[in-house]
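**Student:** got a predicted structure here, sequence first:
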Protein chains: 2
Amino acid sequence: MILKFHQMEKTKLNQWQMTSVDEDFELIEIDMPRITEDEAIIEIAGCGVCHTDLSFWHYGVHTKHELPLTLGHEISGKVVEGPDPLKGKNVIIPAVLPCGECDICNNDRSNICQNQLMPGNDFHGGFASHIKVPHKYLCPVPDEVLKKYSLAQLAVVADAISTPYQVIEKSELVPGDFAIVIGVGGVGIYGALIAKIKGAKVLAIDISDDKLQKVKENGIEATLNSNELSFKEIKTSVREIAKELGVSGFGWKIFDFSGTKSGQELGFGLITFTSTLSIVGFTMDKVEVRLSNLMAFDAKLIGTWGCKPELYPDLVDLIRKGQLEIGQFVETMPMSDINQVFRDTLGNKFNKRSVLVPDFLHDN
Amino acid sequence: MILKFHQMEKTKLNQWQMTSVDEDFELIEIDMPRITEDEAIIEIAGCGVCHTDLSFWHYGVHTKHELPLTLGHEISGKVVEGPDPLKGKNVIIPAVLPCGECDICNNDRSNICQNQLMPGNDFHGGFASHIKVPHKYLCPVPDEVLKKYSLAQLAVVADAISTPYQVIEKSELVPGDFAIVIGVGGVGIYGALIAKIKGAKVLAIDISDDKLQKVKENGIEATLNSNELSFKEIKTSVREIAKELGVSGFGWKIFDFSGTKSGQELGFGLITFTSTLSIVGFTMDKVEVRLSNLMAFDAKLIGTWGCKPELYPDLVDLIRKGQLEIGQFVETMPMSDINQVFRDTLGNKFNKRSVLVPDFLHDN
């Protein structure tokens, strides 16, 4: 009760703001914002560091909201202000918050709603003590899940896990399918695991033995290090692996999570009859491809952005049921280390997803 | 009765065979083949000249059956030998004849069945007096349809019309959608018309005023001659047309029927949020595209090959009901003109689909 009283009374919040490209984030304190009836204030439990954050901070991609801006869109926390039924609830904030009312939303494509708001891009994000968000699509976290994972760890659901979850859904993967996952970093690894949960036989392709070792330890059937292999050698290996796994030579579900030119080229090159290649990672690089192959193979290319908030509860349920384990892929760190963590993420020093946990002084 | 007796007695058939690239087709006479219980002999009423035939005859694409080979896969005719219930029936021979038993067929993708047989590619095709085919997927032509069109004219259903029909189906086009059809030649024009029948507002883009004039006369709402326009100018025009037609700025259904690099590039460039670009025409040319745009737009690229025989009856029904008019897009010509017709098709001399009608001497 004392704690609650203390929270209610809080009149300030802290943020780590990005001021310009590659510069240290700046710690600031501002007044706790007022909310409308459509909004809530979340006390942040954790906020993951995503490649998209690096795009803004290092690669010069422009945020929609002008700088200075608090980045971070992979957020979990507790509702401390908002409608009564929500207050006190532990929630995950979807990385993409649609309006829920436009044609696109009504057409079941809310993940790409053009009125959508993304924390840490359209408004101040999760590298902060608190955040003000529209409350419509907050995803409640059942207490049962919190017996297994801290609320901070569950931040990764908001992007690193939800994005691949939607991808697998959209690919129309069915049990027995052959899923080829290119790039099993912080997002791709979940793609591989969710494909497996959905009944596919999975081949993970990466250029890092460490990452491949990790997916192997998590029960992924087959791995292939494509480093130093020609495309022809890779293709031959993939065919052999398909045979060993006893899957069809057609209808492969291919996923590029690498967001690299070479990953996309590989994915496109592996397309066979009735295959579906899903483009998940982003790169500005163009690739030179024979689009008519799609016709000759009756194949599909799917681009998929974010995740419909409507899918979040199903995904949280996979975690509740223990089908999807997340603990070992997440590392929580003090938010005050944000500058070092961003630099180390850029330097590929982490094998796990980093989730920053608020440790502002006035929280102590 | 005499005629029927005469047909039954026929022991020879004639074919125009391709012997090598760019060479005149050679008229030959061979014994009428024997059939198994899975096969039928069709007396050919007409066989359309398709771009695929030119690929074999002029552009050096290899046929699966070795040369010499009778080309032609857009065929209508009458069953003169085969199971009793089929005998005497007027039929369209699907351009792609699947096995109907493999995983791909059982997965509702029979159009790309790997055991499929294509007349004029896997076996002797339709530029002949008769053809032997598996009878499983022959599409009967109701008498009502023959009051409007000759059986020869209906040959175009087998490819020029069925391919765009499947494309429109696969694009998940719904009434009110904005359909952008790039290339309204012999196949694309049907794409435009079928999209309209299915309730879309249609924009036809081509570099030929004649072709655009023709789609306009057939009730297509909007046309754009892209010749001499920059991509930016085209995009601006398309946006204006979308506004004039009162369609959404998103979810465009784009179709490239041109089978050209520039057509595919244009189609890819017109992709906006939740759009679907269908690749129908074939070109060996590669295009340089930013595949990640598909992710950013949550968009799709669909390649589509041929048409499932299962869809043919629906399509014939559109013609029966008078929703789809075909007469003015087809020109029948004597099959003995085959060499000139191929050369003129290559020289883009025809605005209509040419259907060759057998006129072998012993038919007289």
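**Tutor:** Received, thanks. This structure is a prediction, so every number in the text was calculated from the model and none was measured.
**Student:** which residue does the stretch 51-200 of chain A have closest to chain B?
**Tutor:** Relative to chain B, the nearest point of the stretch 51-200 of chain A is A:Ile112 (3.8 Å; C-beta to the nearest C-beta). Just so you know, the C-beta spots here come from the backbone N, C-alpha and C atoms, and that holds for glycine as well.
**Student:** surely that residue touches B:Thr272?
**Tutor:** No: with contact defined as C-beta atoms under 8 Å, A:Ile112 does not reach B:Thr272; the gap is 10.4 Å.
**Student:** common neighbours of these two, please.
**Tutor:** Common neighbours of A:Ile112 and B:Thr272, using C-beta atoms under 8 Å, 6 or more residues apart in numbering or on different chains, are B:Phe297.
**Student:** burial count for A:Glu233?
**Tutor:** Counted with other C-beta atoms under 10 Å in any protein chain shown, residues neighbouring A:Glu233 total 12.
**Student:** oh, I was asking about A:Ile234
**Tutor:** A:Ile234: 18 surrounding residues under other C-beta under 10 Å.
**Student:** what does A:Lys198 give?
**Tutor:** Using other C-beta under 10 Å, A:Lys198 is surrounded by 20 other residues.
**Student:** what about the nearest residue to A:Gln153 once chain neighbours are set aside, neighbour count?
**Tutor:** Distances taken as C-beta to C-beta, 6 or more residues apart in numbering or on different chains place A:Val330 nearest to A:Gln153, at 4.8 Å, with adjacent residues excluded. Close neighbours of A:Val330, defined as other C-beta under 10 Å, add up to 22.
**Student:** dump the residue contacts of A:Val330.
**Tutor:** For A:Val330, the contacting residues are A:Gly48, A:Gln153, A:Val156, A:Lys352, A:Arg353, A:Val355, by C-beta under 8 Å, 6+ apart.
**Student:** what average pLDDT does the helix ranked longest in chain A get?
**Tutor:** In terms of residue count, the longest helix belonging to chain A (DSSP state H) is helix A:231-245. If you average the pLDDT over helix A:231-245, you get 97.
**Student:** helix or strand right after it?
**Tutor:** Scanning forward in sequence from helix A:231-245 by DSSP states H and E, the next helix or strand is strand A:253-256.
**Student:** who's in contact with that next one?
**Tutor:** Strand A:253-256 is contacted from outside by A:164, A:167, A:171, A:173, A:177-183, A:188, A:191, A:195, A:200, A:263-264, A:266-267, A:270-271, A:275-281, using C-beta under 8 Å, 6+ apart.
**Student:** near chain B, from the residues you listed?
**Tutor:** A:Gln264, A:Ile279, A:Val280, A:Gly281 (C-beta under 8 Å from any C-beta of the partner chain).
**Student:** of the contacts of strand A:253-256, select the buried ones using a ChimeraX command.
**Tutor:** Remark: buried members of the contacts of strand A:253-256, expressed as a ChimeraX selection using 16 or more other C-beta atoms under 10 Å in any protein chain shown:
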select /A:164,167,171,173,177,178,179,180,181,182,183,188,191,195,200,263,264,266,267,270,271,275,276,277,278,279,280,281
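**Student:** for the helix or strand hosting A:Val316, name the packing helices and strands.
**Tutor:** Following DSSP H and E, one finds A:Val316 within helix A:312-320. With contacts taken as 3 or more C-beta pairs under 8 Å, 6 or more residues apart in numbering or on different chains; DSSP states H and E, helix A:312-320 sits against strand A:139-140, helix A:143-146, helix A:162-170.
**Student:** please identify the buried residues of the following helix or strand past that helix?
**Tutor:** Downstream of helix A:312-320, the next assigned helix or strand under DSSP H and E is strand A:330-334. If you call a residue buried by 16+ other C-beta under 10 Å, then strand A:330-334 has these buried ones: A:Val330, A:Thr332, A:Met333.
**Student:** next: stretch A:349-364.
**Tutor:** A:Asn351, A:Lys352, A:Arg353, A:Ser354, A:Val355, A:Leu356, A:Val357, A:Pro358, A:Phe360.
**Student:** and for stretch A:325-345?
**Tutor:** For stretch A:325-345, burial by neighbour count (16+ other C-beta under 10 Å) applies to A:Ile326, A:Phe329, A:Val330, A:Thr332, A:Met333, A:Met335, A:Ser336, A:Ile338, A:Val341, A:Phe342, A:Thr345.
**Student:** closest one of the buried residues of stretch A:349-364 to chain B?
**Tutor:** Nearest to chain B among these is A:Arg353, at 19.7 Å by C-beta to the nearest C-beta.
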